[in-house]
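Student: Mind folding the following:
(3 chains)
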Amino acid sequence: MRDAYSILERVRERRPLVHHITNWVTIYDCANMSRAFGALPVMAHAREEAAEMAGQADALVLNIGTLTPELVDTMVLAAQAANDKGIPVVLDAVGAGATRLRTDCCTMILKDAKVDILKGNYGEMGTLAGAQAKVRGVENAGLEGDPSDTATRLALMHSNTVAMTGKRDIVSDGSRRYRIDNGTPLMGSIVGTGCMAASVIGAFAAVERDRALAASSALACFGIAGQLAAKGAKGPGSFKSALYDEASSLTQEEVEALLAVDCR
Amino acid sequence: MRDAYSILERVRERRPLVHHITNWVTIYDCANMSRAFGALPVMAHAREEAAEMAGQADALVLNIGTLTPELVDTMVLAAQAANDKGIPVVLDAVGAGATRLRTDCCTMILKDAKVDILKGNYGEMGTLAGAQAKVRGVENAGLEGDPSDTATRLALMHSNTVAMTGKRDIVSDGSRRYRIDNGTPLMGSIVGTGCMAASVIGAFAAVERDRALAASSALACFGIAGQLAAKGAKGPGSFKSALYDEASSLTQEEVEALLAVDCR
Amino acid sequence: MRDAYSILERVRERRPLVHHITNWVTIYDCANMSRAFGALPVMAHAREEAAEMAGQADALVLNIGTLTPELVDTMVLAAQAANDKGIPVVLDAVGAGATRLRTDCCTMILKDAKVDILKGNYGEMGTLAGAQAKVRGVENAGLEGDPSDTATRLALMHSNTVAMTGKRDIVSDGSRRYRIDNGTPLMGSIVGTGCMAASVIGAFAAVERDRALAASSALACFGIAGQLAAKGAKGPGSFKSALYDEASSLTQEEVEALLAVDCR
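Tutor: Down below sits the predicted model:
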């Protein structure tokens, strides 16, 4: 994992265009965190332009946080356009398991397009893996059994990479398993850090073909920014402001000193 | 009103799920302020899932700030699902009186579902009460006559609780009248404090069955957070950041020292 | 350009209502920056009320950042209502040139309504002027030739005022050309400063009939707020917070000391 910082450096140098079709709650923060990490965000959800925009992007990030069936149809069109050009597709399965619509739409996207990196919290990934999972709204929730096994099973089901976020983040591509222990409880005190994490994963996947390495490096760097931001924070407001400051100025020293990733 | 802090404590302990169908301007801040006060926000506006989500929530907050007729139809479905399960429904009548659509949609929601707490500024509540009121865009505006009387009349019209916000907030359930003198002019210097107030009311109503007590306690605590945040603020940017910090860390001492609620 | 501060003063005194039909990414910041400069923002995009709202506003700001064909139809209705009453219309052509939909919709709006001030970055304005321009997502991009000539040509094409933003902002009404060298690179480090600039232009145009003077004064004042905010900023998070603080408290001394506008 000495690569984490080098991938970040590549993001800053190449400034990949990360196309989002995302939710209306955290759309600004998805864009702004992409920018803080050095990428160029673009948000375009009209059926008439989504595929065209995805086809010129370096990564596509889908997020069903405030989905409608029409928006999900557009996500599939964009994902197929990205697939055709080999552009990595990230799906953040926000609230899968909370309502039938959310679970069904995830299943449909996964069936109709290739999702390279499937992201969600323990409850969401557990739901999609068919495990016993509890989902309440869009909050992280319990998951029975070993979460690494769940992530691996889900990755094997879809021949892709699964990024499962929680107190400990887990990334699996079916064979390798990364455990990331970066981050801070303050990240859970503000809305949107999960969505932002998906955007950072998209930015990293745009410049690194090894999906599991890209996803785990992204989660580690984002978590490290959180740890640094937590230092002077007096609460969620000052923490969020500092999170942007730290994300945009992460140094090699900081990343290497704080990186807490285990791969096996 | 020694109860205000104890209701806040219950929010923090029980972490109620507050489902929002709200506007696209302040949707993030509605979610994030709910979280700061200890609740779990969820935003879901698709016709296909709104009722299902509302039915598992602890409170439903509707806000017509950027309404469309379709969105309002979905609000009614969600409100009816909440009504069926006894889940409290809050309606923030943003811009009622500014356009025919806004006034008509409020009237329709109030007719087709039970709104437990109707919230708005003086002009909006005055419009819905049939008083002489001026509304300009979504800004607070003048209202002729005694605002407490207007709030009470409106509460009696709908057999519910009315929360009317302004320099002095007024809550009436038709018999009791609360006057809340917490808050700071800086809250008017940023967009969205009115919407956030509705979210906080939703969180408090989720854990306190006395609607008028819940609404007035929520407005008092939110206003106190504002007063504390104003102390070191240099303008609307630093104030907003501090507002989140203070909202998430309100102590019993702070609430009891600053509470300015009068009930009769 | 001694007028810049006096126009700002008029905004603060008259508090013009600035109606936006804008994108879902920066909608909050468009509203909040309007407010910071002293205007009253209102966002209303429903077909059923957009014209009614525009007709009572003091300026209309359109922004195609997350356009759909339906939303653009509503923009045209609102612009026509504003035209009928002599209310200034600002169009921020976000991403023109990036997809066919964006370019076509700009062309359609410009054909079906009178846009008083057309705003965009070098690449977007270049595209609409028929120049060789590169657009990548919604980022600023290169433009061949003298940008002042492009702005002037575009202004003559539409008999309006063009505000072209970049490291140096350029405003032309076809005869006069303003060059504005205010601003700071940090404004490019956060998402949405371009959109906010359009909102500030709307606020200034609401109180100043000379469109080119209004637009250049708005860009100068916004840039000056950025320069002041950059002073203590540690990154994009603290910068954005300070940008609001400075925008809301700009003094005559600050504006006159930093104003960097050249007109010929």
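Student: can you tell me the helix or strand for the residue sitting nearest the centre point of chain A?
Tutor: Nearest to the geometric centre of chain A sits residue A:198, at 1.9 Å (Cα atoms, centre = their mean). Using DSSP states H and E, the element containing residue A:198 is helix A:193-205.
Student: for the record, mean pLDDT for the top helix by length along chain A?
Tutor: The residue-count maximum for a helix in chain A (DSSP state H) belongs to helix A:211-230. Averaged over helix A:211-230, pLDDT sits at 98.
Student: Run a quick neighbour tally on residue A:84.
Tutor: Residue A:84 has 12 neighbours, counted by other Cβ atoms under 10 Å in any protein chain shown. Any C-beta I mention is one placed from the backbone N, CA and C, and that applies to glycine too.
Student: before we move on, what about residue A:111?
Tutor: Residue A:111 has 10 nearby residues by other Cβ under 10 Å.
Student: Now do the same for it: its pLDDT.
Tutor: For residue A:111, the pLDDT comes out at 98.
Student: Can you name the residues that contact residue A:69?
Tutor: If a contact means Cβ atoms under 8 Å, 6 or more residues apart in numbering or on different chains, then residue A:69 has A:101, A:105, B:46, B:48 as its contacts.
Student: How about residue A:13?
Tutor: Neighbouring residues of residue A:13 by Cβ under 8 Å, 6+ apart: residue A:38.
Student: got the contact list for residue A:36?
Tutor: Residues in contact with residue A:36 (Cβ under 8 Å, 6+ apart) are A:244, A:247, A:248, C:189, C:235, C:236.
Student: can you put those in TSV and add secondary structure, distance to residue B:10 and pLDDT?
Tutor: Below are those laid out as TSV (DSSP: H, G, I helix; E, B strand; the rest coil; distance: Cβ to Cβ, whole Å; pLDDT from 0 to 100):
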residue	secondary structure	distance to residue B:10	pLDDT
A:244	helix	33	98
A:247	helix	35	98
A:248	coil	39	98
C:189	helix	42	96
C:235	coil	38	98
C:236	helix	37	98
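Student: Tell me which two of the residues you listed sit farthest apart.
Tutor: Taking Cβ to Cβ as the measure, the contacts of residue A:36 span a maximum distance of 11.0 Å, between A:247 and C:189.
Student: Up against chain B, what does the stretch 151-264 of chain A have?
Tutor: For the stretch 151-264 of chain A, the contact set with chain B under Cβ under 8 Å from any Cβ of the partner chain comprises A:189, A:190, A:191, A:192, A:234, A:235, A:236, A:237, A:238, A:240, A:241.
Student: An error on my part: the question was meant for the stretch 1-150 of chain A.
Tutor: By Cβ under 8 Å from any Cβ, the residues of the stretch 1-150 of chain A that approach chain B are A:23-26, A:28-29, A:65-69, A:95, A:98-102, A:136-139.
Student: Need the CA coordinates for stretch A:179-196. PDB is fine.
Tutor: Presented in PDB, the C-alpha positions along stretch A:179-196 are these (Å, rounded to 0.1, in the frame of the first residue of the first chain):
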ATOM      1  CA  ARG A 179      -9.100  -3.800   5.500                       C
ATOM      2  CA  ILE A 180      -8.900   0.000   6.000                       C
ATOM      3  CA  ASP A 181      -8.800   1.400   9.500                       C
ATOM      4  CA  ASN A 182      -8.500   5.000   8.600                       C
ATOM      5  CA  GLY A 183     -11.200   7.600   9.400                       C
ATOM      6  CA  THR A 184     -12.700   9.200  12.500                       C
ATOM      7  CA  PRO A 185     -16.100   9.000  14.200                       C
ATOM      8  CA  LEU A 186     -16.600  12.700  13.200                       C
ATOM      9  CA  MET A 187     -17.100  11.500   9.600                       C
ATOM     10  CA  GLY A 188     -20.300   9.900  10.800                       C
ATOM     11  CA  SER A 189     -21.400  13.100  12.400                       C
ATOM     12  CA  ILE A 190     -22.000  14.900   9.100                       C
ATOM     13  CA  VAL A 191     -24.200  13.800   6.200                       C
ATOM     14  CA  GLY A 192     -22.600  12.800   3.000                       C
ATOM     15  CA  THR A 193     -19.200  11.400   3.800                       C
ATOM     16  CA  GLY A 194     -20.300   8.000   2.400                       C
ATOM     17  CA  CYS A 195     -21.300   9.700  -0.900                       C
ATOM     18  CA  MET A 196     -18.100  11.700  -1.000                       C
END
